[in-house]
Every structure is written in structure tokens, then in C-alpha cells.
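J.: Quick one: sequence plus predicted model below, questions after.
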Amino acid sequence: MNRRTLLTHAKVVFPDRVAENSAVLIEDGVIVAIDPVNSGTATVIDLSGRILMPGMIDLHCDALEKEVEPRPNVHFPLNFACSQADKRNAMAGVTTVFHALSFAHHEFGVRNNRFAAEIAHAIHDWQQHALVENRIHARCEITDTTAPGILAELIDRNAVHLLSFMDHTPGQGQFKDVAAYRSYLAGSYKKTEEELDDLLQRKSANVQGAAALIGNLAKKARAHGIPLASHDDDSPERVGVMAELGVSISEFPVNIETAGTAKNLGIATLFGAPNVLRGASQSGSMRALDAVLAGVADCLCGDYSAAALLPAVFKLAELSGCELHDMVALVTRNPACAAGLLDRGEILVGKRADLIAVQQFGELPQVEHVWVRGLAVFSAHSNRVPCYSK
């Protein structure tokens, strides 16, 4: 099989510019040349002016939970759910995804520890059949006293690739008042008032001893080279505490001041792509667009919709006036660096050939072709299929 592929006549998004009518040569899964004079016996794919950019890297997407549990207490087989999530990510142009799994045993649905651990193992097992690279982002609810032990075991099995700490205790972070939190749980899981009372009482009681538990877990993760993240930071003080734990990513900081503090401490900030498309945060926190305009946004993630990533990038370029290559970095180079994946995220010689070809239909960009390690894993069927030649 010919492992050399030349992508020609593309609008290529490089780290510092967008180049018209450029070409990229791939060999054995790696980018080996830009605009080569001689491509030898490479298979030539004419992209006819499509945008060629690095495959996107999604550090936080919990959409797999919905593939497993599409309705409350209705569960699909885990291999089926993993296969569907894998395909959706390929179609969205995500070539490396960190599936966000919540370990919050006293909450409901798939977010209890046993079920979350089963999903993590299912992701690992499916990878041998996968189209894209599937990784595990383990989310530790700090008020759950049983989660650290289970997560420590998963870390020892090399089944965790990113670990984040979250606190959904009402009154701070994402849920700024108890009523909003109760409404969310009641609407999502149809729980009684008594069940909600019990959950809230346990969360409030356990928050006092959380620091020691997560401190030990953070130390273990650092020893295994696993990057750490914090969730819904709502104050500079909170960011400071997280920095002392070794956190390198701040997910969804709720205001400009907090995001700015994270940046000053060298912590990468991450915002949701759905926030960009909707023009607002679902929880009333800051707009991702405002974070970009203020210069405090490093990364975008799919959050609950991988498909939102690509259109969010183009929408940000339009609304902010920023260069397209800088907005593409929010979903490629920057998350790669934040996760320590220095082999991908840029179209440069020596980088992994995770690439996507994009066609714009009016204001809507669509993924037409995806390569992972230089191998074609997805192609949209239309009248715009590239021409192949030897």
C-alpha cells in the first residue's frame, strides 16, 4: 500500500498564516513536506480550494454520556455508544477527543462511579476499532468521597489521560443558586424533593474534607504525567488554589477577572463552542466571544456538542475580527499544548498528519474529509468529491 499522499490545491491553515493553493505531502502518518517539488509516487488528492487545517482536539466533550443514556435510565450497550460517538467525532473533524466522564457517585444516571468506570474501560476497548483517537477525561466531583479511590485505580491502569476537579455544590461555580441546581436535577432525572434534599445535604457535608482527598489524587496524577484541570473557576482565589494543586487548564472560568488570573499564572483557559454559536453561556457565565475579545481564551471544546467546534471557529473569526489561523489554534495547537500532545495540532513538517478538509456553504463550514495519521477515516459523499490520480 502506498503510504505517501499529496494533498494539493488547498487553502492551508498554517500556525501563522493561511496560504492559498498550497500542498502538503504525507508519508507514514507524518507531514514530510510543504509544497514539495517532487512527490515521487504519492497518491495525489486535489482539494480544489478547500480549507485544509489540522484535525481538531477536543479536551472536554461529555456527549458520550448521552450516547450511553439518551433518556434518563435508558441505556445502550457501551460498545454501540462508543462506536457512535467515534463516528460523530470523525464527522465533526475531531481527530483527538477527550471523553469527559463524571465520577460523582451520589449524583444520578451515568455519573455514578461504577458506571463511569465501565464506560472508561469500554472506550479503551473500542480504540482498536476507532476512526479517531479516543482518550479519557475523568471528572472528579470533589464532594464525592468514593471517587478518588476508583480514579486512583484507573490512573494506575493508564486509563486516564486528563483529570479535572469539579464542584457542583450550589451557590458557586456553574450553579449560582440552589433553586437552579434543583431545577436541573429534577428536570433531567425526575427525582423527588426528598431525593434532592438528601443529595444536597451530602454534598454540603463532604465539601469540608475535599481538599485532602483531591490533593492526594492530584499528586498521583502528576506522578503519572497526567495533566490536571479545574472546572467552573469563579474567582482569582479559586484559581490560585487550583494552581497550587498543579492544574494547567481552567475549564469554563465564569468571568473575565478569573480567566485573566488563570492566564497570568500560565494556566490555559477553555470555553465551550456551543457558547459561541448560541451567543451565551447556558449557566449565565461569561460569553466565549468576550473572552476572545479580552485576550483570555486559549482553547475551545465541544462541551456537549462536538459538531459545534468547527462553525464556532469560523464564527469567532467573523465576530472578533481575528485572523482565521488564530481562531483555528483554539481547537488545534493550543489544546494540544495544554494536554502535552506536542506531536499534533499544527500543519508543520514532522507533525502527525491529523488533517481535515473543509468546504464552506455560505456561512456554514462543513467537514468533507478527515485523515488520522495520514489515513482517510471519513469522506462526505457529494458531487464535490476530490479527484484522485497516481
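T.: The structure has been received and is ready for your questions.
J.: Mind jotting down where the helices sit in the stretch 101-250 of the chain?
T.: 113-126, 147-156, 178-189, 193-206, 210-223, 236-245 (DSSP state H, counting those that start in this stretch).
J.: Centre of the chain to the last one, how far?
T.: Just to be clear, that refers to helix 236-245. 22 Å (Cα atoms, centre = their mean, to the nearest Å).
J.: who touches that helix?
T.: The contact list for helix 236-245 (Cβ atoms under 8 Å, 6 or more residues apart in numbering) reads 165, 214-215, 218, 228, 230, 233, 250, 253, 257-258, 261-262, 265, 267. To be clear about C-beta, it is placed using only N, CA and C from the backbone, and glycine gets the same treatment.
J.: go on, the fifth one?
T.: With contacts defined as Cβ under 8 Å, 6+ apart, helix 210-223 is touched by 140, 142-143, 145, 148, 151-152, 155, 160, 163, 165, 167, 228, 245-247.
J.: so which of those comes closest to Gln84?
T.: Distance to Gln84 across the contacts of helix 210-223 (Cβ to Cβ) is lowest for Val160, with 22.5 Å.
J.: quick one, phi/psi of the closest one?
T.: In terms of degrees, to the nearest 10, the main-chain angles of Val160 are phi -130, psi 130.
J.: The chain should start at 35 in everything you say after this.
T.: Renumbered: residue one is now 35, and that last one reads Val194.
J.: Settle this for me: it is touching Cys174, isn't it.
T.: No - if you go by Cβ atoms under 8 Å, Val194 and Cys174 don't touch, sitting 9.9 Å apart.
J.: Those two: who's more crowded?
T.: Taking other Cβ atoms under 10 Å, Val194 and Cys174 do not tie; Cys174 has more neighbours (28 against 23).
J.: can you pull the contacts of the more buried one?
T.: For Cys174, counting by Cβ under 8 Å, 6+ apart, the contacting residues are 137, 181-182, 185, 197-200, 248, 251.
J.: Reformat these into CSV and put neighbour count next to each item.
T.: Below are the contacts of Cys174 laid out as CSV (neighbours: other Cβ atoms under 10 Å):
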residue, neighbour count
Phe137, 26
Ala181, 26
Pro182, 21
Leu185, 26
Leu197, 26
Ser198, 24
Phe199, 21
Met200, 23
Ile248, 24
Leu251, 23
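J.: could you redo the residues you listed as a markdown table and give each row pLDDT and distance to Arg407?
T.: Formatted as a markdown table, those follow (pLDDT from 0 to 100; distance: Cβ to Cβ, whole Å):
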| residue | pLDDT | distance to Arg407 |
| --- | --- | --- |
| Phe137 | 93 | 31 |
| Ala181 | 90 | 34 |
| Pro182 | 91 | 35 |
| Leu185 | 95 | 29 |
| Leu197 | 98 | 26 |
| Ser198 | 97 | 27 |
| Phe199 | 95 | 32 |
| Met200 | 91 | 32 |
| Ile248 | 88 | 35 |
| Leu251 | 95 | 32 |
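J.: number of nearby residues for Val71?
T.: Neighbours of Val71 (other Cβ under 10 Å): 5.
J.: ok, back up a step: joint contacts of Val194 and Cys174?
T.: Counting by Cβ under 8 Å, 6+ apart, the residues touching both Val194 and Cys174 are Leu185.
J.: sec struct for Asn123, please.
T.: Recorded secondary structure, Asn123: helix (DSSP: H, G, I helix; E, B strand; the rest coil).
J.: State the pLDDT value of it.
T.: With respect to pLDDT, Asn123 has a value of 98.
J.: Does it touch Leu343 like I think?
T.: No - Asn123 is beyond contact range of Leu343, at 9.7 Å (criterion: Cβ under 8 Å).
J.: So for those two, which residues contact both of them?
T.: Asp92.
J.: Tell me which of these two has more neighbours.
T.: Asn123 (31 against 28).
J.: got a list of what the more buried one touches?
T.: By Cβ under 8 Å, 6+ apart, the contact set of Asn123 is 92, 95, 129, 131, 165-166, 168, 340.
J.: Which of these sits closest to Ala151?
T.: Asn168 (15.9 Å).
J.: give the contact list for the closest one.
T.: Asn168 neighbours (Cβ under 8 Å, 6+ apart): 116, 119-120, 123, 131, 133, 157, 160-161.
J.: want to try CSV for the contacts of Cys174, with distance to Glu103 as columns?
T.: Formatted as CSV, the contacts of Cys174 follow (distance: Cβ to Cβ, whole Å):
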residue, distance to Glu103
Phe137, 15
Ala181, 19
Pro182, 24
Leu185, 21
Leu197, 22
Ser198, 20
Phe199, 23
Met200, 19
Ile248, 26
Leu251, 26
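J.: Low-confidence bits of the stretch 285-424 of the chain, can you list those?
T.: Scanning the stretch 285-424 of the chain for pLDDT under 70 picks out 415-424.
J.: Would you map the strands across it?
T.: 302-306, 333-335, 389-395, 398-406, 409-413, 421-423 (DSSP state E, counting those that start in this stretch).
J.: Can you say which of these is packed in most?
T.: Of all the strands of the stretch 285-424 of the chain, strand 333-335 has the most neighbours on average by mean count of other Cβ atoms under 10 Å, namely a mean of 30.
J.: any residues touching it, and which ones?
T.: Here strand 333-335 has contacts from 92-95, 283, 285, 302-307, 310, 322, 343, 346-347, 350, 364-365, 368-369, 372, using Cβ under 8 Å, 6+ apart.
J.: in its sheet, what does that strand sit against?
T.: Here strand 333-335 has these sheet partners by DSSP bridges: strand 302-306 (parallel).
J.: Kindly calculate the angle that the partner strand makes with helix 270-279.
T.: 120 degrees (axes from the mean of the first three to the mean of the last three Cα atoms, to 10 degrees).
J.: coming back round to it: give me the subset of the contacts of strand 333-335 lying in helices.
T.: Residues of those located in helices (DSSP state H): 307, 310, 322, 343, 346-347, 350, 368-369, 372.
J.: Just send the residues you listed back as CSV, with distance to Asp80 too.
T.: Below are the ones in helices among the contacts of strand 333-335 laid out as CSV (distance: Cβ to Cβ, whole Å):
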residue, distance to Asp80
Ala307, 30
Val310, 32
Ala322, 35
Leu343, 26
Ala346, 28
Val347, 24
Leu350, 29
Asn368, 30
Pro369, 30
Ala372, 35
